[in-house]
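Colleague: just a sequence and a predicted model for now, questions to come.
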Amino acid sequence: MRKFKIYVLLAAAVFVTACSEDDKITLLVQDTVTAGAVLRTLDSSGSLDMFDTGATLSFSIQEQDAEGGALLDRVEITGDYVDNNGTDDDSVSGAALATIAASEFGELDGLPTFDYSLTLAEFLTAVGIPITQVLPGDQFIVNMELFLTDGRSFKNEDTTGNVSGGSFFSSPYRYTETVDDGVSLLLPFLNDGINVADKTGVNIAPTAVNDEYSVEIRIDDGMDGALLNTLTIYREFIDRTVEDGDPDLSQDEAVEVSYDISALPSVEGVRTIEFTRTLLEIYNGVDFADLSVNDEFNYRFEFLTDDGRIFTTRTPGTENFVQINVLDCTLLNADAPFPGEYIINFFDSFGDGWDGAQITVSIDGGAAQSFTLGNGSSGNSKFTVPEGATSLVVSYVPGAFESEHSYNIADPNGNQAAVDPGGALGPVEGTVGIAVCD
């Protein structure tokens, strides 16, 4: 699970002139603050585990104001629980966690500083939620509000401007931790070299060669699988092209296979399943000739924990729900790269760029160009394949905090040529399948 990055929290009343360089922004904040205040996070660490109530979050916070800390009264810390699972929303907002009075601050570099930490058990007590209710995708949020002696206060909603949006001053009084499950599904390759992360599907084009479906599931709960009980995989087929007089060939969701997790082989505490299905197993009685574009085969992965929790998803693009669509893709780049301008669209769920990850592009064996998202939650880059090019190699190179990264690539016709929604392990490392369809 992700370690918290360094943040800086900024009050809206801080005045700076427009400036793009972070070092200039830093100097301006230090030299021209005439009102308001800044909470700067010197350090933060930890993560919250859905099984470990002793998991700890820790923060080291420094306050800066126009009078060198003399305006400081207190910092109030509250917690939110965001329930992202189930039909009932049990979310909680504004639970009191702590109040740090000015007298409790220490001093570092002449400015007021304090350290604060809390365990998941303490967080759960504050929001009134039992550990058995916590599931992957749920979120715990730590909010800090700064109060000054003149009665003013500053919190997340008050942040604005260049400082709060830069890579140095980038955190608005709020820390969000999303609960993970310790389970990772590594995506396979399928259909004419098209990465399943790019175009997951059974290709009904006359020239297509469909392969079996295979996925590697890694289970790491920190306790050699002891906290997880079973994995059940469900399959369904949805016939989306039923015409008048034709039978509906849809097949309801049914159990495909179930695994006793404790019986799986373990290597260094990680238990692994190789789940493979041949084409006949995927079709399960559906005739290939009856398949049409937009029909879909779905596999859903459901885990039962030892304390009775069930976690799964029914949303395409999430790691617990694999959608194998029926597509008709005659590759225009089957023999040579399709010429024209391609657009790489980058996404980062945390909003601070790609942490060293890159997409590289090499044309005709030449030196690879590197593209990345320097900062923010999204951005794009372009590369051009010239007429007559004979080879194109696009690769994903991982960086840090991989679970935040995702991307898609648009072909010269404006259609999607590749997409990887990421997941617990991030995008698939290595060569990216580019599919330019007719």
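Modeller: Looks like it came in fine.
Colleague: so which bits of stretch 264-281 are buried?
Modeller: Using 16 or more other C-beta atoms under 10 Å as the test for burial, stretch 264-281 gives 264, 270, 271, 273, 275, 277. Any C-beta I mention is one placed from the backbone N, CA and C, and that applies to glycine too.
Colleague: distance of the first one from residue 406?
Modeller: According to C-beta to C-beta, to the nearest Å, residue 264 and residue 406 sit 29 Å apart.
Colleague: residue farthest from the centroid of this structure?
Modeller: In the chain, residue 245 marks the outermost C-alpha relative to the chain mean, sitting 44.2 Å out by C-alpha atoms, centre = their mean.
Colleague: and that one, what's its pLDDT?
Modeller: For residue 245, the model assigns a pLDDT of 78.
Colleague: from residue 405, how far out is it?
Modeller: 47 Å.
Colleague: and what of residue 58?
Modeller: Look at residue 58 and residue 405: by C-beta to C-beta, they are 25 Å apart.
Colleague: now residue 392
Modeller: As judged by C-beta to C-beta, residue 392 and residue 405 stand 22 Å apart.
Colleague: more crowded one of those two?
Modeller: Between residue 392 and residue 405, counted using other C-beta atoms under 10 Å, residue 405 has the larger neighbour count: 27 against 18.
Colleague: for the more buried one, which residues are in contact?
Modeller: Residues near residue 405 by C-beta atoms under 8 Å, 6 or more residues apart in numbering: 346, 347, 348, 354, 355, 357, 398, 399, 422, 426, 427.
Colleague: identify the bridge partners of the closest residue to residue 315 other than its chain neighbours.
Modeller: Of all residues not flanking residue 315 in the chain, residue 321 sits nearest, at 5.8 Å (C-beta to C-beta, 6 or more residues apart in numbering). Per DSSP bridges, the residues bridged to residue 321 are residue 300.
Colleague: just give me the neighbour total for residue 321.
Modeller: By the criterion of other C-beta under 10 Å, residue 321 has 18 neighbours.
Colleague: then the one 5 residues further on?
Modeller: Burial of residue 326 is recorded as 22 neighbouring residues (other C-beta under 10 Å).
Colleague: ok, back up a step: in a markdown table, list the contacts of residue 405 along with neighbour count and distance to residue 102.
Modeller: Listed next are these as a markdown table, based on neighbours: other C-beta atoms under 10 Å; distance: C-beta to C-beta, whole Å:
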| residue | neighbour count | distance to residue 102 |
| --- | --- | --- |
| 346 | 23 | 42 |
| 347 | 20 | 41 |
| 348 | 22 | 36 |
| 354 | 27 | 39 |
| 355 | 18 | 36 |
| 357 | 23 | 42 |
| 398 | 18 | 44 |
| 399 | 15 | 40 |
| 422 | 21 | 43 |
| 426 | 22 | 42 |
| 427 | 24 | 46 |
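Colleague: of those, which belong to strands?
Modeller: Among the contacts of residue 405, the members falling in strands (DSSP state E) are 346, 347, 348.
Colleague: the first one against residue 379, yeah?
Modeller: Yes. Contact criterion C-beta atoms under 8 Å: residue 346 and residue 379 qualify, at 5.1 Å.
Colleague: who touches both of these two?
Modeller: Common neighbours of residue 346 and residue 379 are listed as residue 373 (criterion: C-beta under 8 Å, 6+ apart).
Colleague: all helices of the stretch 1-150 of the chain, in order?
Modeller: Assigned by DSSP state H, counting those that start in this stretch, the stretch 1-150 of the chain shows helices spanning 22-32, 120-127.
Colleague: mean pLDDT lowest where, among these?
Modeller: helix 22-32 (a mean of 46).
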